[in-house]
Structures are given as structure tokens and as C-alpha cells.
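Undergrad: no sequence on this one, just coordinates:
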């Protein structure tokens, strides 16, 4: 028997949310024994998909033991790679008959440990389901299998003058199925919205092998918005086998501007000023000096000014070149009036692509800084960006860590990246503690714990800081509608003990009801401060006071 790792980290929770038996709890996989998957299951899987597409040896399985966030590792019991919709259905029904848990996985580019499976589970890899089934230019939609790479869909739509708008930085590798699971965003989601805004219909295989249709390819669903519920469910509800998405016209006019600043605070203030002006760029990205240096030292060098404390990459688009040019001129004037040292406009498509290549390959470029990278993902109000970025800098300094910031500034979606060498004694613990404080700083500023990377394993410990037991129990109840036995991607997203066993004093419950009914202070930062009180993530009293 192999015992699944049960500990991600340990910390004290706020006094108001004490567990019935202890104030300290370890989040991660449920605390139980997982045995290896029955060899008979491997043989049956081989019969369905062929022996070539079943991985059972340790050397084969270790390839799938991590995702893009390499600080987490889980060794799957078996890895299976079905090649067709019917094979997926047969595999899921086989696993249901044997009572075996499974974890759907796309390209493995996720950044939350969400697509990792333990020894007692099967990893269901969907990359072989990579067909674009239909591109319908007349109705501006496409139907694809989950293993289609994001960038390839836009390439297939381009001859029709169309594109698929969600563009994660990993779009050259990530799959549409993975984007659906995480509700992926990307730089251009500022104007065009995230994955949920572009998915019309889904075909889903539930945990017991039933096949259901969600939504409508016509784009006007009836009844509850089950597509919206499924998108972003992180593989907890089932396996998607077909996805119908909305396509948009390729913009006729594009202007890409690069502004550099002498301080991170000034750049953050410029972001708020630009949005407050009423102009909504297609994208607005920020990189700090550490990130700029990593990019410029790499093969992705984009010509960013090395002496800048921060740069903003702002893109505007539209139907008419004249109107976009006028808007670009307004943006340039506004940025300069709010502290930009210079504003450069890409002169042609080649220069525009170069500027964007540096941004989209920034995570890869950070591999030059150290062997390990811990990527965080949080969202804060744009007006709090300067304060939060400075707080992150202070936390990095206090823990003596190298932190680089590259993120979607337009919607306040932060990505502090901690470069470190995990082989150094005690360094992982410092990284873990600093990550927790950074997340706490975002919550205290009125933010939340993920914008696009999801909860997965990595952020389980933060869930009770923003959701009470009743809310977590409601999430679990919704999950059980789709997967009553919780066999699909177990141990992810919802910290089960926080919603099943935690005791909350009646007076506290009544106070919370009052808050929800507007009878007491309801500002999110007030609630965050209350939840953080008494926790290991407690901030200095001076942080984020009004």
C-alpha cells in the first residue's frame, strides 16, 4: 500500500473558524490510504486504447507527476491516453465499474497542481483528442476536441478572418480542454473576456460514464447556465469531449505601445488612470525590472529598456485605423502625463510580435534566474496595485528572495514569481511562507486568491480565508450533483474538512448572516482583515489601512 501525501502546508486559521478538534489543519489530499491501481484495470485499459497508450512503469509515469507549477509532485497510478471520444467514454465507464478515481489532464501547462493524480488514481490525458471538428465562419463558431492546442484554433480560423480570443501565455502549448477546466484568461481578456465568455456548448462525460450536453451551439442556452458552471470547475465535474466556441473577427486596426517607468508605483498608478479615462485597451500588461532583465538576457529579447523599473505593454484595436490611431495618441498622452519616461509604438506587425513574444515567453525566460520557480496568481482592485506591489517587494526583501512580477495589469491579475533553488536547505519553507504572505496581502487589499490559474492543490490552504464553511459546503454540494462519489480529480479545489467538520459559534453565524444581509460592514477588505486576524498570514497593522 502506498500512502498518498496529505500535507501541502500547515498554518493556523483565524480564531472564528476553528476546527472542532484543533486550530491547526493540514490541507491536501484526504487523509486516507491509497493503494496502487489493480493491474487488471491496466490490462482492461490496454484493451480499450491499445497497450501503446497505457503508461504503467515508474519511468513513464514520472513524466506526468508535475504540471507547470513544479513545486508539487504526485505520481499517478496509471496514465492512459485515449484517442477518440468513444475511448474516453469506455475508459470512464471502466473506471466507474472498478471504483477507481481519475484525473483529467491536458497539456500539463497548468500552474496550480490541479492535473496531478495520486498512486491510487488514473491520469486521463486528453492530448490525443486533437481534432478541430468544424469551423463555421458563417455563424462564427467552431467545434473542437479538448486536446486542440489553443493557438492552432486561431490559426485554423484565420483564413476566414476570425480568431479565438482567449490567449493564455502558454497558448502555443496549452489545450482548449485545459482552458475550459481552468477558465483560462490571457492578456486580451481585458477587452474580450475569459474562456467562459467564449464557450457556447460542451459535451461532457460524467464520473459514471453518462454523456450529457450542456449549453447550445446557437449561443442562446435555456434554463440554468450549466456551461458557465462547468467552465472553471477544474476537472471536478467530469471530462469534456467536445467544445463549441465563439469566434470573433480579426481586428482590422491594431496599435501596440510600450511605456517605461522609473518606479513600479508610478506604473501602477498609470494603469488606474488609463482605465478611469474610459479607454479599455485590448490588453495591458506590466513587467518589472527583474522580469525585463530575464527576458532581455534570453532568446526572447524584445528591446525592453533595461533601466526601467517597470514597463507597460498596451494594445488597442478596432475596425478603423483612424479611430484606433486617435485612441493610441490619447493613451500616449495620458501615460506620459502619469509618469511614463517614454512611450514607443510598434511600427509594424513584426515589431508588435517581438514585443508580445517577450511578454508571453517571460515565464520561460525566468528559468535563467534559478532552477525552481513558484508562480502565484491573485487579483486585486486596480487602484490597489501600487500598494500591493510595494508590499510584495517588502515581503521578498524580508525573506531574502528573488521576486519578478509579470502580470495582467489591466484587470489587476498579479503574478509574483519567486525564483529559488529547492535544493538549498530551508529555502522551500521560506518560499512557502513568503507566498502565503503575498496572498494574504492581496486578500487584505480587497482581492481574491486566483484570477486564472485555479485553486488545484496549491491554493487549498487559502480557501477558508475568503470562504466560510457554509459557502464551501455549497460548493461541495454542487460538485456532488455531477460527481456524487467525488472520484473525478479528488482532493482539489475544496478543502473538504473546512466545510464538513468545522465548528462555528452561533453568534458568529448570526453575525455573518447580518453581513450578507447588509446589516454590518460588507467591504471585502474588512472581511479579509477579520479572517486574517490570528492567522499565520497576519499582516502588520500599517498595511493597507485606509
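TA: Thanks, I have the structure now. Predicted model, so just to flag it, every value in this text is computed and none were measured.
Undergrad: from here on, contacts and neighbour counts on C-alpha atoms
TA: Fine.
Undergrad: Domains in this structure, by residue range?
TA: Per automatic domain parsing, the domain ranges recorded for the chain read 36-125, 132-249, 251-362.
Undergrad: Can you check which of these gets nearest to residue 373?
TA: Proximity to residue 373 (C-alpha to C-alpha) singles out domain 36-125 among the domains of the chain, at 7.5 Å.
Undergrad: Present the domains of the chain as CSV; the columns should include distance to residue 446, mean neighbour count and mean pLDDT.
TA: CSV is the format used below for the domains of the chain (distance: least, C-alpha to C-alpha, whole Å; neighbours: other C-alpha atoms under 10 Å; pLDDT from 0 to 100):
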stretch, distance to residue 446, mean neighbour count, mean pLDDT
domain 36-125, 22, 21, 96
domain 132-249, 19, 21, 96
domain 251-362, 16, 19, 97
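Undergrad: Turn these into a markdown table, including distance to residue 417.
TA: Compiled in a markdown table, those are given as follows (distance: least, C-alpha to C-alpha, whole Å):
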| stretch | distance to residue 417 |
| --- | --- |
| domain 36-125 | 11 |
| domain 132-249 | 15 |
| domain 251-362 | 9 |
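Undergrad: Figure out which of these is closest to residue 480.
TA: That would be domain 132-249 among these, by C-alpha to C-alpha, at 8.2 Å.
Undergrad: what's the nearest residue to the residue nearest the centre of the chain if we skip its chain neighbours?
TA: By C-alpha atoms, centre = their mean, the chain has its centre lying nearest to residue 453, at 1.0 Å. Of all residues not flanking residue 453 in the chain, residue 111 sits nearest, at 5.6 Å (C-alpha to C-alpha, 6 or more residues apart in numbering).
Undergrad: Report whether the expected contact of the one you found with residue 68 is present.
TA: Yes - counting by C-alpha atoms under 8 Å, residue 111 touches residue 68, with 5.1 Å between them.
Undergrad: Check which helix or strand residue 322 maps to.
TA: Element membership for residue 322, per DSSP states H and E: helix 321-337.
Undergrad: Which residues are in contact with residue 327?
TA: 279, 316 (C-alpha atoms under 8 Å, 6 or more residues apart in numbering).
Undergrad: Can you tell me how far it is from residue 254?
TA: 11 Å (C-alpha to C-alpha, to the nearest Å).
Undergrad: got any residues that touch both of these two?
TA: Residues touching both residue 327 and residue 254 (C-alpha under 8 Å, 6+ apart): residue 316.
Undergrad: The domains of the chain: which one's closest to residue 421?
TA: Closest approach to residue 421 among the domains of the chain (C-alpha to C-alpha): domain 36-125, 10.9 Å.
Undergrad: How far does the closest one sit from its chain's centre?
TA: Chain-centre distance of domain 36-125: 22 Å, with C-alpha atoms, centre = their mean, to the nearest Å.
Undergrad: Can you measure across it, start residue to end residue?
TA: Where domain 36-125 begins and where it ends lie 18 Å apart, using C-alpha to C-alpha.
Undergrad: check contacts around residue 205.
TA: By C-alpha under 8 Å, 6+ apart, the neighbours of residue 205 are 89, 92, 211, 212, 238, 239, 240, 241.
Undergrad: give me phi/psi at residue 134?
TA: Main-chain dihedrals, residue 134, degrees, to the nearest 10: phi -160, psi 140.
Undergrad: From residue 201, how far off is it?
TA: Residue 134 sits 13 Å away from residue 201, going by C-alpha to C-alpha.
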